[in-house]
Each structure stands twice: as C-alpha cells, then as structure tokens.
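K.L.:
Sequence and predicted structure, then a few things I'm wondering about:
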Amino acid sequence: MARVLITGGAGFIGSYLCDRFLAEGDDVTCMDNLITGSVDNISHLQDSRFSFINYDVTNYIYIKGQVDYILHFASPASPLDYMEYPIQTLKVGSLGTHKVLGLAREKGARFLLASTSETYGDPLVHPQNEDYWGNVNPVGPRGVYDEAKRFAEAMTMAYHRYHKVDTRIVRIFNTYGPRMRIKDGRAIPNFIAQALSDEDVTVFGDGMQTRSFCYIEDMVEGIYRLLKSDYNMPVNIGNPHEMTVIGLAREIISLTGSRSKIVNNPLPEDDPKVRQPDITRANNILRWKPQVSLTDGLKRTIEYFKTKTGVAKSNL
C-alpha cells in the first residue's frame, strides 16, 4: 500500500488516476481548487482510503505524514480554459510545480509531471518524438499553456538533477472519454454535443489539420506504467492513429445518427497543423501501446454524453 497525492485530481484525467490507485489498494489524496475540475468526477469515491482537499497548489502545501507518490495534474488543459484563465495557467505551471516539487523533496516522494504535446507547439517534425524541442510562439494566445508546461518540465529536471528528486515526465497527447465536460472546448466533446442536438458541427479552418486521440483507459495505463518505471526523461503517451479534424467530425455524426451539417469557422491563431505522437519510447521502455480503437472509444463517450444532455437517440 502506498500513499498517493494527485493534484488536479478532480479533473478529467486526474479523477481516473484516483480510481486507478484506489483499485491498486493505495491511499489517495486528491487536491484541486475546482477552477476546471468538478466534484462530480470524484463523487463516487466513498472509500475510506480517499480524501479530497480543496486547495490551490500555487500556495504552500502541507500534507501530514508520509507521501510515496505525487502526480502533478493541476492545470487548465483546454484552449477554452487556459485562455479564460491565462494567469492561473502560468502560475500553476510555475509556482504550483515549484511548490509540489518542494513537497516531493521533503517527503522523499516520487514525482510525476503531467506535461503535454503542446510543448511541441506547431511542430516542424512529424510525428513528434521526445527529442524534438518544439516550435512554440511564447507571446501567442496558446503560449500561456505551452510555456507553463515547458517551464514545468525544466523545473522538474532541475529538481531531479540538483536535489535528486525521483521524477517522471509524461507528455500527454489528445485524450478523450467519459467525464469530459460538455463545454470543454475541445473537438470531441464539442462535436458530440453538437451532433446529439442536431446542431451544426463547427470545424475550425478547413478541417484538414490532424490530431491523434487516445482513450482515457489507455492513457491512465500508460501514465501508471511510467510512474512505476525507472525512466526520468519525458515520455509521449498518446495514440499514434492520426486523422483529420473534419474526418473526426464525420465519424461522430455517423456514430450518433445525427442530421448535423459541418460548418467551418476561422482557424484560431497558432493552432497546430499536425499532431501525432511517436510512441517508440513508450513501447520500448514501458511495453505500452493503446488498445482501444477510436470507434469503440467514441461509442463509449457518446453514451456518456447522452446521459448529460438527455438525448436518447442512438443508432449504436
């Protein structure tokens, strides 16, 4: 049995990590200030080994007793969120990471940073491997998230090298599944919500930009394996199956049996043209690769969204 602290644990991925560690028999403390997280994501966790602390990790953190693992997932993660909360995003990536790393040093805990594929920016290398340094606009609207995570990675490695903290860095590519918010602002929840309501499905630009989508169960398995590994450098976790955004929209319209039409909106500034993880490192070191197909994952996610939107229509 271990004691695990998960910052941002009431968020989408964080809540699934709470589930996973409880299932492994560990004690879990979830810390979240609920800016973008929700108690609904953790309301099912009535286990005596689970506790929730409503707290902002950019402040000094005190946890009584031993802590074995710390997973730092506190941060707005969708463009809609980090553009609404730009200062908070920068603070949690910098001050928050510093505070949590300090706690890991004090407790002698293994620390895992949730980084992102956005550290690669609008990439000039395709697919993206962990040795690529990225193409990021530091003063663009997405820079608040991209640079916060890049700083967090640098801070994590500084604590690893200087203070000998045992650290891990996961670069998370697009992830989806139940518990995503309907108004999350990202492609899959947007498209599903619009399709279920027979509204126009709004695609940015011509829709030919590509993305790669990983189902939440696969993502959690990859993160867990990385935490338990002995590898300290960044590791991509994502599904290398690449598709166009307009292709995703058509797939969701088909799976929902929707009458929606696709309409095109202007492409946001600095929107990446391509996104595909090279997961060779994860394959070789973690023996990990995704198992859930996009069609199966979308079907499960659509069923969840029906419970949230009250739409009963289905051709599944």
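P.N.:
Structure's in. What do you need?
K.L.:
Give me the distance between stretch 89-107 and the centre of its chain.
P.N.:
Centroid separation between stretch 89-107 and its chain, computed with Cα atoms, centre = their mean, to the nearest Å, is 18 Å.
K.L.:
list the buried ones in that stretch?
P.N.:
Using 16 or more other Cβ atoms under 10 Å as the test for burial, stretch 89-107 gives 89-94, 96-101, 103-105, 107. The C-beta positions use only the backbone N, C-alpha and C, and glycine is treated the same way.
K.L.:
Please apply the same query to stretch 12-31.
P.N.:
Neighbour count says stretch 12-31 has 12-22, 26-31 buried, by 16+ other Cβ under 10 Å.
K.L.:
Helices - which of those land there?
P.N.:
Those of those mapping onto helices are Phe12, Ile13, Gly14, Ser15, Tyr16, Leu17, Cys18, Asp19, Arg20, Phe21, Leu22, per DSSP state H.
K.L.:
will you turn those into a markdown table that also has pLDDT?
P.N.:
Below are those laid out as a markdown table (pLDDT from 0 to 100):
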| residue | pLDDT |
| --- | --- |
| Phe12 | 98 |
| Ile13 | 98 |
| Gly14 | 98 |
| Ser15 | 98 |
| Tyr16 | 98 |
| Leu17 | 98 |
| Cys18 | 98 |
| Asp19 | 98 |
| Arg20 | 98 |
| Phe21 | 98 |
| Leu22 | 98 |
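K.L.:
for those, which one is nearest Ile246?
P.N.:
Within those, the smallest distance to Ile246 is 24.4 Å, found for Phe12 (Cβ to Cβ).
K.L.:
where's that closest one relative to Met180, distance?
P.N.:
6 Å (Cβ to Cβ, to the nearest Å).
K.L.:
what domains does the record give for this structure?
P.N.:
Domain assignment for the chain by automatic domain parsing gives 3-175+214-237, 181-211+241-275+292-309.
K.L.:
end to end, how far does the last one reach?
P.N.:
Terminal residues of domain 181-211+241-275+292-309 are spaced 11 Å apart (Cα to Cα, to the nearest Å).
K.L.:
One more: the longest one?
P.N.:
As for domain 3-175+214-237, its first-to-last residue distance stands at 24 Å under the measure Cα to Cα.
K.L.:
For it, what is the distance to the chain centroid?
P.N.:
Counting by Cα atoms, centre = their mean, domain 3-175+214-237 comes out at 8 Å from the chain centroid.
K.L.:
do the same with the last one
P.N.:
Its chain's C-alpha centre and that of domain 181-211+241-275+292-309 lie 17 Å apart, by Cα atoms, centre = their mean.
K.L.:
Reformat the domains of the chain into a markdown table and put distance to Ile285 next to each item.
P.N.:
Below are the domains of the chain laid out as a markdown table (distance: least, Cβ to Cβ, whole Å):
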| stretch | distance to Ile285 |
| --- | --- |
| domain 3-175+214-237 | 5 |
| domain 181-211+241-275+292-309 | 21 |
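K.L.:
so which of those domains is the most packed in?
P.N.:
Among the domains of the chain, ranked by average contacts under mean count of other Cβ atoms under 10 Å, first place goes to domain 3-175+214-237 (a mean of 20).
K.L.:
so what secondary structure elements neighbour the longest helix belonging to the chain?
P.N.:
Scanning the chain for the longest helix, with DSSP H as the assignment, gives helix 143-162. In terms of contacts (3 or more Cβ pairs under 8 Å, 6 or more residues apart in numbering; DSSP states H and E), helix 143-162 is packed against helix 79-84, helix 86-91, helix 97-107, strand 110-116, strand 167-172.
K.L.:
How about the residue in the chain that sits furthest from its center?
P.N.:
Arg259 (30.6 Å; Cα atoms, centre = their mean).
K.L.:
Excluding chain neighbours, what is closest to it?
P.N.:
Asp198 (4.8 Å; Cβ to Cβ, 6 or more residues apart in numbering).
K.L.:
Check whether the one you found really touches Thr256, as I assumed.
P.N.:
No: applying Cβ atoms under 8 Å, one finds Asp198 not in contact with Thr256, separated by 9.0 Å.
K.L.:
Quick check: nearest residue in space to Asn59, chain neighbours excluded?
P.N.:
Using Cβ to Cβ, 6+ apart, the nearest residue to Asn59 is Lys99, at 7.0 Å.
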